[in-house]
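Asker: coords please:
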Amino acid sequence: MRYFIIILLFFISGHSLARIIVVCKTCPVEGIGVAIQLAQEGDTILVKRGIYQEYDIKIDKCLTLIGQDWPVVEGGNQSEVFSITAPGVTMEGFQIQNTGASQSQERAGIRIKNTSDFRIRRNRLLNTYFGIYLEYSRDGIVEDNYIKGEAVSETTSGNAVHAWYCKQITVRGNSVYGHRDGIYFEFVDSSWISHNYSEANVRYGLHFMFSNDDRYFHNTFRHNGSGVAVMFSKRIDMIANHFEHNWGTAAYGLLLKEIYDASLRDNHFDRNTIGIFMEGAARINYENNTFSNNGITLKMMGGCIANHFKGNFFFSNTLDLVVEGNTNDNSFDGNYWSEYTGYDLNRDGVGDVPYRPVKLFAYVMHRCPESVVLLRSFFVDLLNLSEK
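Answerer: Numbering: from 1, shown residues only. All right, here's what the predicted structure looks like:
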């Protein structure tokens, strides 16, 4: 009995070490930075509603920070706001704003550095140079955050979610607007991007560089400079995303450059200047994607080999396929083309005459871009008829 009481007292005292520190303007602890200094490993800091004019707040302990009724942490355009360097940190429910722009510092609303097992969720980040900046970190989640910047050019803005040299990161359910790139991955492996909404970013809604074995699915990329760029990467799965209204002289729904052994399936490309621009893209499976109302659906440059297009749907696009150079062994099987005018005598749903999506005028327009003014003219109709 005596030993049972000793064990029970030890159990109770061990759990009592985890405290809740309340921060508010009328509380004994009035500042977030002060609360972190007072806290011990495993404590929870509850920050009540109010405006806290603080920046360069360093979280170097395993803590849980909870904002109640959206407390505002005001950076005052002075510096970075939060910097997390301890593992196991959870941060939720804050409105973080006004880091100020800097050409010498990559200021972030929340920076995660050299750590793991973090949870950054349900925060609002407004007018931050970088929103959430991850570096040399792994096994963390960034989810359900609202991140809105005021970018006007690539050189004067950062990315909403920026990950550099990370692994096993989940970026899920975020809404990002008005940054250079909505989500940026560089040297990030074995990670997942899902159910995000990325709109009105200056350069790309999502940008991969030198990242392998990643997957992005069920995201929407709308009204960006270009939708998504995947560059110098391998084994990227792109599933059930929406690439919409990415218009401009150099705008793509999706840019693939030097990418290998990837897959695209069940995606929707609607109203983009170019649906997919490919250069040096090899051994990629394109399956069950829908392309509608795009300018050029597929633009295939040099180095695109061993790609397979199967079961895709092409509706009302201006040009279905533009090819520069030798297509080598790319294959097209079982695709639906709304421009197809062949016959199906046995009525099995498969045309009896092969469809050739590359038109002569596409070649003319590639050689002489000014000829685009003739696109809807009788001359082009006559050219297409003569070609058939």
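
Asker: Output the below-cut-off pLDDT ranges for the stretch 1-150 of the chain.
Answerer: For the stretch 1-150 of the chain, residues meeting the criterion pLDDT under 70 lie at 1-17.

Asker: what ranges do the helices span in it?
Answerer: Here the stretch 1-150 of the chain has its helices, by DSSP state H, counting those that start in this stretch, at 2-16, 32-38.

Asker: What are the contacting residues of the longest strand along the chain?
Answerer: Determined from DSSP state E, the single longest strand within the chain is strand 161-172. Contacts to strand 161-172, defined as Cβ atoms under 8 Å, 6 or more residues apart in numbering, come from residues 108, 130-144, 147, 174, 176, 181-196. No exception for glycine: its C-beta is placed from N, CA and C like everyone else's.

Asker: Now a ChimeraX select for only the buried ones of those.
Answerer: Of the contacts of strand 161-172, the buried ones go into a single ChimeraX selection, burial set by 16 or more other Cβ atoms under 10 Å:
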select :108,130,131,132,133,134,135,137,138,140,141,142,143,144,147,174,176,181,182,183,184,185,186,188,189,191,193,194,196
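
Asker: Among the contacts of strand 161-172, which ones are in strands?
Answerer: 108, 130-135, 138-143, 147, 176, 181-189, 192-194.

Asker: contacting residues for residue 123?
Answerer: Contacts of residue 123 (Cβ under 8 Å, 6+ apart): 67, 91-96, 110, 145-146.

Asker: Kindly recompute the last result at 10 Å.
Answerer: By Cβ atoms under 10 Å, 6 or more residues apart in numbering, residue 123 lies in contact with 65, 67, 70, 73, 82, 91-96, 109-110, 131-132, 142-147, 174.

Asker: Please tell me how far it sits from residue 103.
Answerer: 26 Å (Cβ to Cβ, to the nearest Å).

Asker: Ok, residue 206 next?
Answerer: Counting by Cβ to Cβ, the gap from residue 206 to residue 103 is 25 Å.

Asker: Looking at the two, which one has more neighbours?
Answerer: residue 206 (29 against 7; other Cβ atoms under 10 Å).

Asker: how near is the more buried one to residue 243?
Answerer: 10 Å.

Asker: Repeat that for residue 120.
Answerer: For residue 120, the distance to residue 243 - Cβ to Cβ - is 26 Å.

Asker: quick revisit: any common contacting residues for residue 206 and residue 243?
Answerer: Shared contacts of residue 206 and residue 243, counting by Cβ under 10 Å, 6+ apart, come down to 219, 221, 224, 226-228, 254.

Asker: Kindly present these as CSV, with separate columns for secondary structure.
Answerer: Listed next are the shared contacts of residue 206 and residue 243 as CSV, based on DSSP: H, G, I helix; E, B strand; the rest coil:
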residue, secondary structure
219, coil
221, strand
224, coil
226, strand
227, strand
228, strand
254, strand
